[in-house]
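>>> I'd like to go over a predicted model; first the sequence, then the structure.
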Amino acid sequence: MAQFDLYALSATQIKYAIAGLLGVYFLQGTVRFIAQGIYWRRRFRNDPNLPQPPHHWLLGHLIVMAKITQEIPMDAHPHVQLPALLEKYGLKEKGIMYLDIWPMGSPMVVVCDPNMAYQCAQQHSLPKAIKELDPILGPLSGPGNLVASDGNLWKFWRYVFNPGFAAQHLMTLVPGIVKDCQTFCKVMEEAAASGKVVNLEKLTTCLTIDIIGRVVVDEELETQTRPHPLVEAFKSQISWLPAAVEYNPWNRWHPMRPIIYWWNQRTMRGIIGSMLDKRFQSRDPMMSSGKRSKPVIDLALETYFKQKEGNVTAMDDEFRTNAITQMMIFVFAGHDTTSSTICYIFHKLSSFPEKMARARKELDEIFGTNLDDASKMLAENPHLMNKMEYCTAIIREVLRMYPPASSVRSGEKGFYIKDEQGNLYETEGLMVWLASLPVHVNEKYWKDPFEFRPERWLDEDINKDAWRPFERGPRNCIGQELAMIETKVIMALTLRRFDILAQRQPPPPNSVNEVRGEFVYQVLAGSAKPKGGMPSIIKLATPSAT
Ligand code: HEM
């Protein structure tokens, strides 16, 4: 039999061989690309009853998306486009919309009705769309993180961390949260004294990171008063995340992105890893007794010690890697969403002075008119926050109008979403986007959905499934109670002290600078955040205003 001798090949033959292999590789890729394109375009065109905007045989819904991007700010978060699309193409009544944006993004079905969202998240919890989540959450934590995992891996870690988020335990954290808020007040006073425009979201982010630092790693990170390498790395990582739909190939496949991701990950994992190691070495004697506070980091270690029945001198690499990933997702998910909620609370209240006056009056009635008393009273008796009814209504209303996050799931073979008329909608092979914003402004369930009216929470019947900023069902937000508690503490300590005036910013390239009259619209930056970090002028509130 003839033998193949690599060394007998000439340089030219090797060149031809490499070119041939590359050719086959690209040809294969091209064939797959074309086949996928034909599959998706035909699938969307074959069903005349599919609720969808006008579909183009070659470009799918890319033309429709390009048109809608001309009507709302180009840099607005993709979920802002959804109510506009539903309205423009008469799909509001349907409560569901199919979008074929392949190859710019996954073909999807967008769920805009609470009853249909209920079917996908509560009645049957569809698996997470890990392929779509990983490019965003991977760089911020790692594979297998609590948000983007499923099955036994997710169940294991959720079970481990649940006790750290029990309401009773969270109340014990209030004195620490109050302390961080007192620092926040000082930072805000300095900003007010400077008279300069400040990036409010930067300040609220440092505050929420300080809070999450206590909850997760039991450390005083003090990011409000000094730069912290962990926070700098997180911020850099978020700024490099690609847009959900990126049309500019240079931005989409930026050659520096993988290097920066790697570098920031190395920094973040290094810092959190050394915190974990320190904790592991110091081995809190209360850990095995269960009578101790429950920072997330200790809950992870406690589980490890239990698994190993106490017989450990070093941590398994696999466990250590997974635990660091979970700490990182907590640090990210635990600060990003809450910081933008606080910005919107300030902004909406400054746009509606009579609602601000009502909130301040409520705080005066609970904590008295001496502003310094609130910190002490809350630290001593955290349950006082249960009296903040109007402030709670404000938080709910802000989360309704500006939800910072939503859930993306994977459709399943045989899983159909049913509408009120009994029509069935397929999900197989599609991304299922449980987009909270269109549910939150669905006219069937909300009166004057685009109006900021916290009062609705006090005197109207609300369909609870129509409010899902934290999602619902088993994959709901583990940190929702913490988010509510910290936001209430922040409101109690700051609302009566400051007036905040958000500043207009230069328009994006399509010159549209408002969404339904609101110039502080949401953009995508990890989660949905106020544009440009909501640059604001901060003023000390005059005592007469309280
Ligand atoms: C206003 C504040 C917050 C909002 C609006 C929010 C929203 C959400 C949403 C919509 C989800 C579901 C995501 C998905 O299905 O992909 C989620 C999950 C999650 N959130 Fe939050 N969140 C907030 C605050 C927090 C805080 C303070 C923490 C941490 C301490 C946190 C940690 C998590 C985690 C770990 C998950 C994944 C839970 C699981 O799948 O088991 N979140 N959040």
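Cool, got the structure. Keep in mind that what you see is a predicted model, and the values were worked out from it rather than measured.

>>> what about M97, which helix or strand?
Following DSSP states H and E, one finds M97 within strand 96-99.

>>> tell me how far that strand is from the chain's mean position?
Offset of strand 96-99 from its chain centre (Cα atoms, centre = their mean, to the nearest Å): 22 Å.

>>> Quick check: residues of the stretch 201-350 of the chain near the ligand?
Applying Cβ under 6 Å from any ligand atom, we find that the stretch 201-350 of the chain lies next to the ligand at I212, V215, I329, F330, A333, G334, T337, T338, T341. For the C-beta atoms, the positions are set from N, CA and C on the backbone; glycine is no exception.

>>> And the furthest pair within those?
By the measure Cβ to Cβ, I329 and T341 form the most distant pair in these, at 18.6 Å.

>>> more crowded one of these two?
Comparing I329 with T341 by neighbour count (other Cβ atoms under 10 Å), the higher total belongs to T341, at 25 against 22.

>>> check which helix or strand covers the more buried one.
Going by DSSP H and E, T341 is in helix 317-351.

>>> Which residues belonging to that helix are considered buried?
Using 16 or more other Cβ atoms under 10 Å as the test for burial, helix 317-351 gives 319-320, 322-350.

>>> Which residue does the stretch 401-546 of the chain have closest to the ligand?
G479 (2.2 Å; Cβ to the nearest ligand atom).

>>> what's around that residue, how many residues?
Using other Cβ under 10 Å, G479 has 25 other residues around it.

>>> With adjacent residues omitted, what lies nearest to it?
G334 (5.4 Å; Cβ to Cβ, 6 or more residues apart in numbering).

>>> residue ranges of the strands in the stretch 401-546 of the chain, please?
Secondary structure of the stretch 401-546 of the chain by DSSP state E, counting those that start in this stretch: the strands cover 407-410, 416-418, 424-426, 431-434, 498-502, 522-525, 527-530, 535-540.

>>> Output these as a markdown table; include the columns distance to the ligand, mean neighbour count and mean pLDDT.
A markdown table is the format used below for these (distance: least, Cβ to the nearest ligand atom, whole Å; neighbours: other Cβ atoms under 10 Å; pLDDT from 0 to 100):
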| stretch | distance to the ligand | mean neighbour count | mean pLDDT |
| --- | --- | --- | --- |
| strand 407-410 | 3 | 24 | 98 |
| strand 416-418 | 17 | 16 | 98 |
| strand 424-426 | 20 | 17 | 97 |
| strand 431-434 | 7 | 24 | 98 |
| strand 498-502 | 19 | 20 | 97 |
| strand 522-525 | 12 | 22 | 92 |
| strand 527-530 | 8 | 25 | 94 |
| strand 535-540 | 20 | 19 | 98 |
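
>>> Identify the residue spatially nearest to A243, adjacent ones excluded.
Going by Cβ to Cβ, 6+ apart, A243 has L524 as its nearest residue, at 6.2 Å.

>>> Check the residue of the stretch 401-546 of the chain closest to the ligand and give its pLDDT.
Looking at G479, its pLDDT stands at 96.

>>> now it: how far from Y159?
In this structure, G479 and Y159 are 16 Å apart, going by Cβ to Cβ, to the nearest Å.

>>> Ok, E412 next?
Using Cβ to Cβ, E412 is found at 24 Å from Y159.

>>> nearest residue to Y98 other than its sequence neighbours?
In space, Y98 comes closest to Q52 once its chain neighbours are excluded; the distance is 4.3 Å by Cβ to Cβ, 6+ apart.

>>> Say whether the ligand is contacted by stretch 390-404.
Yes - counting by Cβ under 6 Å from any ligand atom, the ligand is contacted by stretch 390-404 at L399, P404.

>>> tell me the mean pLDDT for that stretch?
So the average pLDDT for stretch 390-404 ends up being 98.

>>> C-alpha coordinates for it, CSV please?
Written as CSV, here are the backbone C-alpha positions of stretch 390-404 (Å, rounded to 0.1, in the frame of the first residue of the first chain):
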residue,chain,number,x,y,z
TYR,A,390,-46.2,55.4,49.3
CYS,A,391,-42.5,55.0,48.8
THR,A,392,-43.0,51.3,48.1
ALA,A,393,-45.6,52.2,45.5
ILE,A,394,-43.1,54.5,43.9
ILE,A,395,-40.5,51.7,43.6
ARG,A,396,-43.1,49.4,42.1
GLU,A,397,-44.2,52.0,39.6
VAL,A,398,-40.6,52.8,38.6
LEU,A,399,-39.9,49.1,38.1
ARG,A,400,-43.0,48.8,36.0
MET,A,401,-42.0,51.6,33.7
TYR,A,402,-38.2,51.0,33.7
PRO,A,403,-37.6,47.3,34.3
PRO,A,404,-33.8,46.8,34.3
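
>>> what mean pLDDT does the helix holding T341 have?
Helix 317-351 carries an average pLDDT of 94.

>>> Ok, stretch 101-119 next?
The predicted model assigns stretch 101-119 a mean pLDDT of 96.

>>> Endpoint to endpoint, it covers what distance?
Across stretch 101-119, the terminal residues are separated by 24 Å (Cα to Cα, to the nearest Å).

>>> which parts of that stretch are buried?
In terms of neighbour count (16+ other Cβ under 10 Å), stretch 101-119 has its buried residues at 101-102, 105-119.

>>> does any bit of it sit next to the ligand?
No - judged by Cβ under 6 Å from any ligand atom, stretch 101-119 makes no contact with the ligand; its nearest approach is 11.4 Å.

>>> residue contacts, L50?
The contact partners of L50, taken as Cβ atoms under 8 Å, 6 or more residues apart in numbering, are F44, Y98, Y425.

>>> from the middle of its chain, how far away would the host helix or strand of the first one be?
The reference is to F44. Using DSSP H and E, F44 sits within helix 11-46. Centroid separation for helix 11-46 versus its chain: 36 Å, with Cα atoms, centre = their mean.

>>> next one: stretch 223-240
The answer for stretch 223-240 is 17 Å, by Cα atoms, centre = their mean.

>>> Buried ones in that stretch, by neighbour count?
T223, Q224, H228, L230, V231, A233, F234, K235, Q237, I238.

>>> For those, name the two members farthest from one another.
Taking Cβ to Cβ as the measure, the buried residues of stretch 223-240 span a maximum distance of 20.1 Å, between Q224 and Q237.

>>> mind checking pLDDT for R292?
What the model reports as pLDDT for R292 is 52.

>>> okay, the worst-scoring helix or strand of the chain on mean pLDDT in CSV with CA atoms only?
Here the helix or strand of the chain ranked lowest by mean pLDDT, DSSP states H and E is helix 249-252, holding a mean of 75. Output of helix 249-252 as CSV, limited to C-alpha atoms (Å, rounded to 0.1, in the frame of the first residue of the first chain):
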residue,chain,number,x,y,z
PRO,A,249,-18.9,44.4,12.2
TRP,A,250,-15.9,46.2,13.7
ASN,A,251,-17.8,46.7,17.0
ARG,A,252,-19.3,43.2,16.8
